[in-house]
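Novice: Quick one, fold the following:
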Amino acid sequence: MPVSRSIQKALGSSSMIRKMFEEGGVLKKKYGDVNVFDFSIGNPDIDPPEAFRKTLLRLATENAAGSHGYMPNAGYQHVRDALARKISREQGVALDGRCVIMSVGAAGALNVILKSILNPEDEVVVCKPYFMEYRAYTANHGGVLVEAEAAANFNLNVDAIQAALSDKTAAVLINSPNNPTGRVYPAETLEELSVVLLRHGKKTGRYPYLIADEPYRELTYDGIVTPPVLCTYPHSIVASSYSKNLSLPGERIGYIAVCPQNDDADVLINALIYATRVLGYVNAPALMQRCIAELVEVKAAVDIYANRRMVFKRVLDSAGLSYINPEGAFYIFCKVPAGGDDLAFVDVLKKHLILGVPGSAFGAPGWVRFAYCVNEDLINRSAGSFKVAKEQFLSERRA
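Specialist: Numbering: from 1, shown residues only. Got it, this is the predicted structure:
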């Protein structure tokens, strides 16, 4: 057998997002980029801020000795200190650079965290719908992903999460603003979850970590602010990156922040640093670390995404399609017409050169995710195709 059984099995159900993205590439070659409405992948089309370009050019041309060499596995101390000040304000708890570990994006951060905390067959609880790669990340380190149903409005269902907890629960993994729904979990819900986790820890002697995946933290609308977790639950960990808010997904720069109120914080931090090394990341990219240290206060392009959200909602409204109003991120979760099958609806959409990702990929059949981190003109021009695709889908269902 040329590859491992686990990888061979995983390839059969590999990322639907990437599959749709690749199919989009084929369609664009055939019909032209401007004629394909590709809403499949969260790849920001907005250029990074001008401040990033200037900082990158200046730092890249510096000739300081050792500026491209190894540094401590946790990252440059001045970078960690700079981020710690920002994170302290966001999370409502005072932490220093010791509690921050630089990572290779949020995905790298999550893998480092899971490598550090999981024993074989340990469980990680997620609330549906969830980012599909969580299952692979958990399996990477011998864990098992346990799904809990969401509330009707796609808020966290604390009762369902509580029912999913067991003596094997190592962590609860949340993502707010959420991919794919755009939901921002309210502070009250996080406080309820904290009570449940503390009660479970007292009962079992094992306090589950609360892992908050926050790459979209700054991309929120209508005055909504993403509530903090580090001040809400002492056994919490934040994973984040600059992929979305500064449009730097290809640069793979992120971080882990550990709640300093955790009694085992020092042990956990040492484990995270060790895992960063042995997973082969070694350290986050040196140049990007030095850039980020100077850009911690640069804001995301929220207004641009807010306008695109408005346009996309108008397109779906005109087609008679219902959806969850996104409170953050840059995705809109659309209900399949007449309670139909999401895979079938995606196939019909594709015939009209519209690409979305079926909700089944996120654990939520009957829905489709569209990413609106694309040109506003493209969104506007998709309106007619959405209308025709919906009518065709309903007609085929009636036939």
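Novice: Show me how the chain divides into domains.
Specialist: 5-49+301-398, 69-293 (automatic domain parsing).
Novice: now those domains as TSV including mean pLDDT and mean neighbour count?
Specialist: The C-beta positions use only the backbone N, C-alpha and C, and glycine is treated the same way. Formatted as TSV, the domains of the chain follow (pLDDT from 0 to 100; neighbours: other CB atoms under 10 Å):
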stretch	mean pLDDT	mean neighbour count
domain 5-49+301-398	91	18
domain 69-293	97	20
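Novice: can I get the ones you listed in JSON lines with distance to residue 57?
Specialist: Formatted as JSON lines, those follow (distance: least, CB to CB, whole Å):
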{"stretch": "domain 5-49+301-398", "distance to residue 57": "12"}
{"stretch": "domain 69-293", "distance to residue 57": "10"}
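Novice: Residue 59: which of these is closest?
Specialist: domain 69-293 (5.2 Å; CB to CB).
Novice: start to end distance for the closest one?
Specialist: By CA to CA, to the nearest Å, the extent of domain 69-293 from end to end equals 17 Å.
Novice: in the stretch 201-350 of the chain, which spans are strands?
Specialist: 209-213, 236-241, 254-258, 323-324, 331-335 (DSSP state E, counting those that start in this stretch).
Novice: So for residue 220, which of those sits nearest?
Specialist: Closest of the strands of the stretch 201-350 of the chain to residue 220 is strand 331-335, at 12.9 Å (criterion: CB to CB).
Novice: to the chain's geometric centre, what's the distance from that closest one?
Specialist: 15 Å (CA atoms, centre = their mean, to the nearest Å).
Novice: Quick check: residue 39 touching residue 350?
Specialist: No - at 11.5 Å, residue 39 does not count as touching residue 350 under the criterion of CB atoms under 8 Å.
Novice: which helices and strands sit right next to whichever strand or helix holds residue 54?
Specialist: For residue 54, the host element (DSSP states H and E) is helix 50-60. If contacts are counted by 3 or more CB pairs under 8 Å, 6 or more residues apart in numbering; DSSP states H and E, helix 50-60 sits against helix 286-293.
Novice: Mind exporting the C-alpha coordinates of stretch 112-123 to CSV?
Specialist: C-alpha atoms of stretch 112-123 as CSV (Å, rounded to 0.1, in the frame of the first residue of the first chain):
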residue,chain,number,x,y,z
VAL,A,112,0.0,22.6,18.3
ILE,A,113,-2.8,22.9,20.9
LEU,A,114,-4.3,19.5,20.2
LYS,A,115,-0.9,17.8,20.0
SER,A,116,-0.2,19.3,23.5
ILE,A,117,-3.4,18.2,25.3
LEU,A,118,-4.7,15.0,23.7
ASN,A,119,-4.1,11.5,24.8
PRO,A,120,-5.2,8.6,22.5
GLU,A,121,-9.0,8.5,22.2
ASP,A,122,-9.5,11.7,24.0
GLU,A,123,-12.5,13.6,22.8
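Novice: got the contact list for that stretch?
Specialist: The contact list for stretch 112-123, computed with CB atoms under 8 Å, 6 or more residues apart in numbering, reads 101, 103, 124, 137-138, 140-146, 166, 168-171, 209, 211, 237, 239, 256, 268, 271-272, 274-276, 278-279, 281.
Novice: do stretch 325-332 as well
Specialist: 42, 44, 176-184, 216, 219-222, 224, 226, 244, 305, 308-309, 312-313, 316, 323-324, 333, 369-373.
Novice: redo that, cut-off 6 Å
Specialist: With CB atoms under 6 Å, 6 or more residues apart in numbering as the test, stretch 325-332 has contacts from 177, 179-180, 182-184, 216, 219-220, 224, 305, 309, 312, 323, 369-373.
Novice: Now do the end-to-end distance for it.
Specialist: Note: stretch 325-332 ends 7 Å apart using CA to CA.
Novice: and it, how far from the chain's centre?
Specialist: Offset of stretch 325-332 from its chain centre (CA atoms, centre = their mean): 12 Å.
Novice: same check, this time on stretch 135-147
Specialist: For stretch 135-147, the distance to the chain centre is 16 Å (CA atoms, centre = their mean).
Novice: what do you get for stretch 251-266?
Specialist: With CA atoms, centre = their mean, you get 17 Å for stretch 251-266.
Novice: got it, and stretch 24-34?
Specialist: 27 Å.
Novice: what's the answer for stretch 337-347, then?
Specialist: 24 Å.
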